[in-house]
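Visitor: Would you be able to build a 3D model of this:
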Amino acid sequence: MSKDYTFEELKALFAADLSQKMKVLQDAVGNGSWETISRISHQIKGTAKSFGFTNISALAAELEQSIAQNRLELAPGLVKKISDASVL
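Guide: Sure, this is the predicted structure:
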């Protein structure tokens, strides 16, 4: 049986998922897994925007773009900014 979620319930699920994604991002930065960082930041960018977290979305977009432009040195700082902004 499927459950119909309210917007607030979906937002809470996003927050829980974001916490997991931040752990993956932090590990990926430590391992230099740039493809993983790009993929996860892309996911965060779209989902955060859908739930109205424009700051998180913008930071994730900046992270995704920095990887695409091979500006890998920016990744640790951007991941920290996303993490700081993710305290929902």
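
Visitor: max-length helix in this structure?
Guide: Once the chain is assigned using DSSP state H, the helix that runs over the most residues is helix 7-31.

Visitor: List the residues that contact the residue nearest in space to the middle of the chain.
Guide: With the centre of the chain defined as its mean C-alpha position, the nearest residue by C-alpha atoms, centre = their mean is Ile44, 3.5 Å away. With contacts defined as C-beta atoms under 8 Å, 6 or more residues apart in numbering, the neighbours of Ile44 are Leu18, Lys21, Ile56, Ser57, Ala60, Ile82. Placement of C-beta: from N, CA and C, glycine included.

Visitor: What of Ala48?
Guide: When contacts are counted by C-beta under 8 Å, 6+ apart, Ala48 is found next to Phe14, Leu18, Thr54, Ile56, Ser57, Ala60.

Visitor: now with 7 Å?
Guide: Taking C-beta atoms under 7 Å, 6 or more residues apart in numbering as the criterion, Ala48 is in contact with Ile56, Ser57, Ala60.

Visitor: Likewise for Thr6?
Guide: Neighbour list for Thr6: empty [criterion: C-beta under 7 Å, 6+ apart].

Visitor: Look at Ile5 and tell me its secondary structure.
Guide: Actually, residue 5 is Tyr rather than Ile. When the structure is reduced to helix, strand and coil (DSSP: H, G, I helix; E, B strand; the rest coil), Tyr5 reads as coil.
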